[in-house]
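*Asks:* Next come a sequence and a model predicted from it.
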Amino acid sequence: MLSPLNVANLGQAPHRLMFFVGGLNLLAAMAWWALWLILAPWGFPSMPQPEPYAGRLHAFLMQYQVLPSFFFGFLLTVFSRWIRQPDLDRRTA
């Protein structure tokens, strides 16, 4: 059985790396947004208002940084089944 904490397991199937990157992007974007929501109302100098507005930046990050990683990870998981081909493995990807 493969250890879930082994980084080498990310290369065992092509979709794993996409889901991992998507998860990291999601955590980073949510951490930034939560930190901004907590610190911005009090005017901390370490959290200035970004240009463009933080709400629009949050939407942009979620749509164009997080969503594509999960979308393409999903496609790498199921696309071979949809076209009735063998599953992709590390050697064929």
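*Replies:* Thanks, I have it.
*Asks:* What helices and strands are in contact with the least confident helix or strand in the chain by mean pLDDT?
*Replies:* When the helices and strands of the chain are scored by mean pLDDT, DSSP states H and E, helix 54-61 comes last with a mean of 82. Other helices and strands packing on helix 54-61, by 3 or more C-beta pairs under 8 Å, 6 or more residues apart in numbering; DSSP states H and E, are helix 14-39. Using the backbone N, CA and C atoms, a C-beta is placed for each residue, glycine as well.
*Asks:* List the buried residues in the helix it packs on.
*Replies:* Residues 14-19, 21-22, 25-26, 29, 32-33, 36 are the ones in helix 14-39 that count as buried (16 or more other C-beta atoms under 10 Å).
*Asks:* residues making contact with the least confident helix or strand of the chain?
*Replies:* Helix 54-61 has contacts (C-beta atoms under 8 Å, 6 or more residues apart in numbering) with 25, 29, 32-33, 36, 40, 50.
*Asks:* angle of that helix against helix 14-39?
*Replies:* 180 degrees (axes from the mean of the first three to the mean of the last three C-alpha atoms, to 10 degrees).
*Asks:* from here on, count from 470
*Replies:* Right, with 470 as the first residue, what we last looked at is helix 523-530.
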